[in-house]
Structures are given as structure tokens and as C-alpha cells.
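**Q** pasting the sequence and the predicted coordinates here, then a few questions.
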Amino acid sequence: MFILLELGLIPANAMTLNAFQVGIAFEVFILSIGLAFRLQTQWQARAAAEREALGRLNQSQLETIEAQKQTRVELELHVRERTQALEHTMAELADANRELKLLSTTDELTGLSNRRSINATLQREWGRSERQGMALSVLLLDLDHFKAVNDQYGHPFGDQALREVAKLLTSVVQRPTDLVGRWGGEEFIILLADTTAQSAVAVAERIRELVAKTVISHEAVSINLSMSIGVAATLPANVQTGYRTPDLLVDAADRALYLAKQNGRNRVELMNEHEAPGVSTDLARSRD
Ligand SMILES: Nc1nc2c(ncn2[C@@H]2O[C@H](COP(=O)(O)OP(=O)(O)OP(=O)(O)O)[C@@H](O)[C@H]2O)c(=O)[nH]1
């Protein structure tokens, strides 16, 4: 442009004189537009990429939250199922324990308390009688000539007789604090709390009479049985004259029972607290 002007090939005017600057300005302008366009394109691409990444991130977060929720629900369900199963097992265990306790305290044949349970009750009642200054009585009851019954009518008949006798005993002894148990074999025991020797003998006598008059039947056989009963009573607090331990009280009843057998059976004998044979209730003999 400068050479053309110098040679006079183009007229010198504002346009031609400033053509270089104008050209540069124009080029700068065009470059600026190009640069701006390029920047905008890059910015848009970057924004789009960011949006997409953000979208992806949110989606994965949502999936994570959803998965966690699902896991929690499943876990809660599992815990509930396990809790229910555990409760069920606990209930079964409680039932089994009750059953076990019943089995360990009950005589299978008669349903009465067994010896173990009677001993526990005797200890308890002894302590209570001691604290409250009450009398405590023990009856030992034994079926007479029971071996002959078994031998003659068979063991099943003997079993039935034991069950029937157990019912008779519980029908007479009904106070909640009293206890009827099977001491072993054809021998029964009765604990009478807050009961003096005199009352205990009266109870024993009622039992003796009831057993003697009750007909025991099983299948084609019907027979009458009788019982010998030993009675011992004490005031546990009375250490001077009474029996010192529950076992000694039972021993005394056992000695009274032995006397009843010796003296002819179907009778009641009382062992007095001074360890000597007591007043025998000869009612049995006199009435039979
Ligand atoms: N059926 C049956 N018999 C039993 C059971 N337990 C013990 N006996 C029997 O009871 C009988 C007891 O006999 P003994 O101890 O000789 O006494 P007893 O014949 O009753 O004679 P006394 O007691 O002297 O009058 C035995 O034949 C035992 O087998 C039982 O659970 N069922």
C-alpha cells in the first residue's frame, strides 16, 4: 500500500493513508470475534460436560441411597423375623422349662408331688412354722399288704389302686398350705402346716376310714384296701422339746407308721415329741 502510494498508483486520501492501521484494526476485530466464538464454544462444551457429569453423579448417588434404603428394609425385615423366631423359641423354652419343672417335681403315676418336691416344701414350711410359731404335722401313709394285691391282681391293678388312693388323699386334704405327695412305692406323705398333733390325727383317721370303705375297681376286679398311718407333729420353734430338723420330724412319723404296722395295720399312730410312741388312735381297731 505504501509503495503504491509512493508510485502514485493510488490516490492519497484518509482511507489509503490509514489503510494499514485500518487493516490491523480489522484483523484484530476479526481475531477477537474468532477468539470469543472459540471461547464460547469451549465454555459451552465444558458446561455440557459438567452437567452430564453432575447428572451422572446424582444418578449414582440416588442409586446408592436407594440401595441403602433397600438394604435397611431387608435388614429390618430380617431382624423382625429373627426376633419373632427368637420369641417363639423363648416361648417354647419356657414351656419346656415348665414341663421339666413339673416332671422334676411330680410323680408320674399319681400326679402328686414327688419326694424331691416334698422335701423342698417341708424345708419351706419348717422355716415358716418356726418364724410364725405354728405347729407342723407330718403323716406317713402306707397301703397294707400291697405286695399281695400286686401278686394277686397284677401290676396294672396295683398302679390303678395307687392312682385311686392318691385321689382319695387329695380329696381329704384340701387347705392350700397342705401338701400330699408320693414318698415312694406304696407309701404317701402329707404335710399339714399350722396343724397340731390332735388335728393331724383327726385328718389321718378320716383318710384311714375313707380308704378302708372305698372299693377300688379296675377292669373285672374290685377290692377294698386299707392304710396304716404314722403321725408326728411339732412346733419347730420349740428346740427344747421338739424335733430339731424336718428330717427328724419325718423319721418320727416313720417310726409311728412302723408301730401302726406292728400293731395290726389299718390304724393311726402318733409319735409324741419326746420320741416315745404316743397315744395310738385305737379307733381303727375298735371300729373295725
Ligand atoms: N403296682 C405298683 N406296685 C408298687 C409300686 N411301688 C411299689 N409297689 C409295690 O408295693 C409292694 C410293697 O410291698 P411291701 O413293702 O412288702 O409291703 P406290703 O405288702 O404293703 O406290706 P405292709 O406294708 O407290711 O402292709 C411291693 O410289691 C411293690 O412292688 C408301683 O408304683 N406300682
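**A** Looks like it came in fine.
**Q** could I get the buried residue list for stretch 190-209?
**A** 190-197, 200-205, 207-209 (16 or more other CB atoms under 10 Å). The way it works is simple: take the backbone N, C-alpha and C, and place the C-beta from them, glycine included.
**Q** average pLDDT for the helix or strand hosting Arg128?
**A** Assigned by DSSP states H and E, Arg128 falls within helix 115-132. What helix 115-132 shows for mean pLDDT is 95.
**Q** run through the neighbouring helices and strands of it.
**A** Contacts defined by 3 or more CB pairs under 8 Å, 6 or more residues apart in numbering; DSSP states H and E place helix 115-132 against helix 19-105, strand 136-143, strand 179-184, strand 187-193, helix 246-262.
**Q** returning to that earlier point: just the buried residues of stretch 190-209 that are near the ligand?
**A** Among the buried residues of stretch 190-209, no residue sits close to the ligand (CB under 6 Å from any ligand atom).
**Q** just the ones of these in helices?
**A** Under the assignment DSSP state H, the buried residues of stretch 190-209 contribute 197, 200-205, 207-209 to helices.
**Q** closest to the ligand among those residues?
**A** Nearest to the ligand out of those is Arg208 (CB to the nearest ligand atom; 13.5 Å).
**Q** now do the contacts for the closest one.
**A** 226-227, 229, 266-268, 284 (CB atoms under 8 Å, 6 or more residues apart in numbering).
**Q** quick one on the thing from earlier: how far off centre is the helix holding Arg128?
**A** 25 Å (CA atoms, centre = their mean, to the nearest Å).
**Q** please save the CA atoms from that helix in PDB.
**A** Provided in PDB are the C-alpha atoms of helix 115-132 (Å, rounded to 0.1, in the frame of the first residue of the first chain):
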ATOM      1  CA  ARG A 115     -40.200 -86.900  97.100                       C
ATOM      2  CA  ARG A 116     -37.800 -84.100  95.900                       C
ATOM      3  CA  SER A 117     -40.600 -81.600  95.800                       C
ATOM      4  CA  ILE A 118     -42.000 -82.700  99.200                       C
ATOM      5  CA  ASN A 119     -38.600 -82.200 100.800                       C
ATOM      6  CA  ALA A 120     -38.300 -78.700  99.400                       C
ATOM      7  CA  THR A 121     -41.800 -77.900 100.700                       C
ATOM      8  CA  LEU A 122     -41.000 -79.400 104.000                       C
ATOM      9  CA  GLN A 123     -37.900 -77.200 104.400                       C
ATOM     10  CA  ARG A 124     -40.000 -74.100 103.400                       C
ATOM     11  CA  GLU A 125     -42.900 -75.000 105.800                       C
ATOM     12  CA  TRP A 126     -40.500 -75.800 108.600                       C
ATOM     13  CA  GLY A 127     -39.000 -72.300 108.300                       C
ATOM     14  CA  ARG A 128     -42.400 -70.600 108.100                       C
ATOM     15  CA  SER A 129     -43.700 -72.500 111.100                       C
ATOM     16  CA  GLU A 130     -40.500 -71.600 113.000                       C
ATOM     17  CA  ARG A 131     -40.900 -67.900 112.200                       C
ATOM     18  CA  GLN A 132     -44.600 -67.800 112.900                       C
END
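**Q** quickly find the element holding whatever residue of the stretch 151-288 of the chain ends up closest to the ligand.
**A** At 2.4 Å from the ligand, Gly158 is the closest residue in the stretch 151-288 of the chain, using CB to the nearest ligand atom. In this structure, Gly158 sits in helix 155-172 according to DSSP H and E.
**Q** of the contacts of Arg208, which is the most crowded?
**A** The most crowded member of the contacts of Arg208, judged by other CB atoms under 10 Å, is Val268 (31 neighbours).
**Q** Thr41: neighbouring residues, count only.
**A** 10.
**Q** that one and Leu54, how far apart?
**A** Per CB to CB, to the nearest Å, Thr41 is found 20 Å from Leu54.
**Q** interface residues of this protein facing the ligand?
**A** 109, 142-148, 150, 155, 158-159, 162, 185-186, 261, 265.
**Q** can I see the domain layout of this structure?
**A** Domain assignment of the chain by automatic domain parsing yields the ranges 1-105, 115-287.
**Q** which of those is buried the deepest?
**A** domain 115-287 (a mean of 18; mean count of other CB atoms under 10 Å).
**Q** got phi/psi on Gly185?
**A** phi 50, psi -130 (degrees, to the nearest 10).
**Q** no, scratch that, I was asking about Asp144
**A** Dihedral angles for Asp144 - degrees, to the nearest 10 - are phi -90, psi 140.
**Q** the helix holding Arg128 vs strand 136-143, what angle?
**A** 150 degrees (axes from the mean of the first three to the mean of the last three CA atoms, to 10 degrees).
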